[in-house]
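Enquirer: Mind looking at a prediction? Sequence and model below.
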Number of protein chains: 2
Amino acid sequence: MDNRQKILAKAEELFAAQGYNAVGVQELAQAADVTKPTLYHYYGSKLGLLQAVLEDGFLPLLQQTREAAQYQGDLPLTLYRLANAYFAFSKARPGFYRLQLSLWFSPPESEDFDAVRPWGHRQQEMLEALFQAAVRDHGNMKGRHRRYAATFLGMLNTLISLGLNNLLELNDELVFNAVHQFMHGIYS
Amino acid sequence: MDNRQKILAKAEELFAAQGYNAVGVQELAQAADVTKPTLYHYYGSKLGLLQAVLEDGFLPLLQQTREAAQYQGDLPLTLYRLANAYFAFSKARPGFYRLQLSLWFSPPESEDFDAVRPWGHRQQEMLEALFQAAVRDHGNMKGRHRRYAATFLGMLNTLISLGLNNLLELNDELVFNAVHQFMHGIYS
DNA sequence: TAATATGTATACCACTCGGTACATAAAAAG
DNA sequence: CTTTTTATGTACCGAGTGGTATACATATTA
């Protein structure tokens, strides 16, 4: 593994464990067994490193969830696949998912939040497009696709953060129940 | 308003807007129109100030929600009152609620998280006691009170954070729908 | 009026922060 | 074999960090 990747991996690990602001560049370079100018050579700044970490995690997440979010006439099935994709990703890369969640809830005026904002929008857009497409078959959803997208992702993140803290097992039964409960909220 | 309160109010405001780590003690004292030793005179340390801010917010929150969480045989009604209490509080003190949420999602090894942890537990205990009490009338809930407490609070926080960002209006209809949906998840 | 807390200000501490100027090493290209 | 690009190390920067020693002012109490 070259220095570039070593830095990226350690950054994801330390940012997830201690938070972006709490980790110093010096500490980071030391943990990656590299000197500070080397780090700056590759990533330009601490914020640049954070952005690289986010891109490294969000690109595969978005790719995998986009595939699952293709609507083909069966909304519960699509949501089921989507929830599974999210759960699988959070299990495969728990550190990144933790980091991403904590950034998402960080204060709206901070530079950390600015770094996740665009990725949050891309997720939101993907989900909105899904619920928009489903309006054809579920007329009563009309005009609510934005709200559905936000609450669905919120529900998933609630469950995932419980899963990350071992308070819940993210198994098939849970996925089924969660989607069922969410669909019930749409029908009624 | 005396200096003590001025410091506390500014701290809540700045911590909520920029994050605990991103705000310096110097900056804080300046914003409260006070010198640094004055701040240390009252609160001892930056962490001590954060703890005071949390106590100042969580004590009334817990008091108001505890009253709403008294189970008297009607679970949907209790959850309805509880959700209303949470929503009302988040509207009354949006800055504090934001801060509390962001701390709750900050990395588990950070000192910020240590500061909210006990308050999170007290909320969790209150909700567990409620669902525990409701087991008498809802046998199928048995053994799941921990999960119900966590997911119910998670749902409320999802909605509240959408409300704080003006993506959702936290009105009576929403409370009704949310509780209804949650109860459906219990029955089925 | 004297003694005692309480509150506030000046000036400083050692340390860490993110970031960089500059020299050198290694490798690729001519 | 030289030149140029890419990569890494040494040593440093000014600014800001959380925190404090100490003196001074203002009340309260004896």
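Expert: Arrived safely, thanks for sending.

Enquirer: use CA for all of it now, contacts and neighbours both
Expert: Will do.

Enquirer: Give me the secondary structure label for the closest residue to A:Leu28 other than its chain neighbours.
Expert: Counting by C-alpha to C-alpha, 6 or more residues apart in numbering or on different chains, the nearest residue to A:Leu28 once its immediate chain neighbours are dropped is A:Ala11, at 6.6 Å. Assigned with DSSP: H, G, I helix; E, B strand; the rest coil, A:Ala11 falls in the helix class.

Enquirer: Please work out how many residues are found near A:Ala11.
Expert: 24 (other C-alpha atoms under 10 Å in any protein chain shown).

Enquirer: was I right about it contacting A:Val53?
Expert: Yes. Using C-alpha atoms under 8 Å, A:Ala11 is in contact with A:Val53, at 7.2 Å.

Enquirer: hang on, the earlier thing: and the residue nearest to A:Leu28, how close does it get to B:Lys142?
Expert: Counting by C-alpha to C-alpha, to the nearest Å, the separation of A:Ala11 from B:Lys142 is 43 Å.

Enquirer: Count the neighbours of the closest residue to DNA strand D within chain A for me.
Expert: Across chain A, the shortest distance to DNA strand D (C-alpha to the nearest atom of the strand) belongs to A:Thr35, at 4.1 Å. By other C-alpha under 10 Å, 15 other residues sit near A:Thr35.

Enquirer: And it, how far from A:Tyr42?
Expert: Taking C-alpha to C-alpha as the measure, A:Thr35 falls 12 Å from A:Tyr42.

Enquirer: Could you show which parts of chain A are in contact with DNA strand D?
Expert: Taking C-alpha under 7 Å from any atom of the strand as the test, the list of chain A residues beside DNA strand D reads A:2-4, A:34-38, A:41.

Enquirer: Apply the buried test to the residues you listed and list what passes.
Expert: Neighbour-count burial (16 or more other C-alpha atoms under 10 Å in any protein chain shown) applied to these gives A:Val34.

Enquirer: Show me the residues of chain A next to DNA strand D that map onto strands.
Expert: Of the residues of chain A next to DNA strand D, none are assigned to strands by DSSP state E.

Enquirer: Let me have the residues of chain A next to DNA strand D in a markdown table, adding distance to A:Phe89 as columns.
Expert: Formatted as a markdown table, these follow (distance: C-alpha to C-alpha, whole Å):
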| residue | distance to A:Phe89 |
| --- | --- |
| A:Asp2 | 25 |
| A:Asn3 | 26 |
| A:Arg4 | 23 |
| A:Val34 | 30 |
| A:Thr35 | 32 |
| A:Lys36 | 32 |
| A:Pro37 | 33 |
| A:Thr38 | 31 |
| A:His41 | 31 |
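
Enquirer: Out of the residues of chain A next to DNA strand D, the closest to chain B would be?
Expert: A:Lys36 (22.1 Å; C-alpha to the nearest C-alpha).

Enquirer: List the residues that contact that closest one.
Expert: A:25-26, A:29 (C-alpha atoms under 8 Å, 6 or more residues apart in numbering or on different chains).

Enquirer: Most neighbours among these, which one?
Expert: Counting by other C-alpha under 10 Å, top hit in the contacts of A:Lys36: A:Ala29 with 20 neighbours.

Enquirer: close enough to count as contact, that residue and A:Leu39?
Expert: Yes. Using C-alpha under 8 Å, A:Ala29 is in contact with A:Leu39, at 6.6 Å.

Enquirer: Need the overlap of contacts for these two.
Expert: Taking C-alpha under 8 Å, 6+ apart as the criterion, A:Ala29 and A:Leu39 both touch A:Ile7.

Enquirer: For A:Lys6, report the pLDDT, please.
Expert: Listed pLDDT for A:Lys6 reads 94.

Enquirer: Help me confirm that it comes into contact with A:Ala29.
Expert: No. Applying C-alpha under 8 Å as the test, A:Lys6 and A:Ala29 come out as separate, 9.7 Å apart.

Enquirer: The residue in chain A positioned nearest to DNA strand C: neighbouring residues, count only.
Expert: Chain A approaches DNA strand C most closely through A:Gly24 (3.3 Å), counting by C-alpha to the nearest atom of the strand. For A:Gly24, the tally of surrounding residues (other C-alpha under 10 Å) stands at 13.

Enquirer: Give me the phi and psi angles of it.
Expert: Dihedral pair for A:Gly24: phi -90, psi 160, per degrees, to the nearest 10.

Enquirer: for A:Phe89, same thing?
Expert: The phi/psi pair for A:Phe89 (degrees, to the nearest 10) reads phi -70, psi -40.

Enquirer: Next step: the contacts of A:Lys36 restricted to helices.
Expert: A:25-26, A:29 (DSSP state H).

Enquirer: gap between the residue nearest to A:Arg117 when sequence neighbours are not counted and B:Trp104?
Expert: Leaving aside its chain neighbours, A:Arg117 sits nearest to A:Trp104 (7.5 Å; criterion: C-alpha to C-alpha, 6+ apart). Using C-alpha to C-alpha, we find A:Trp104 at a distance of 12 Å from B:Trp104.
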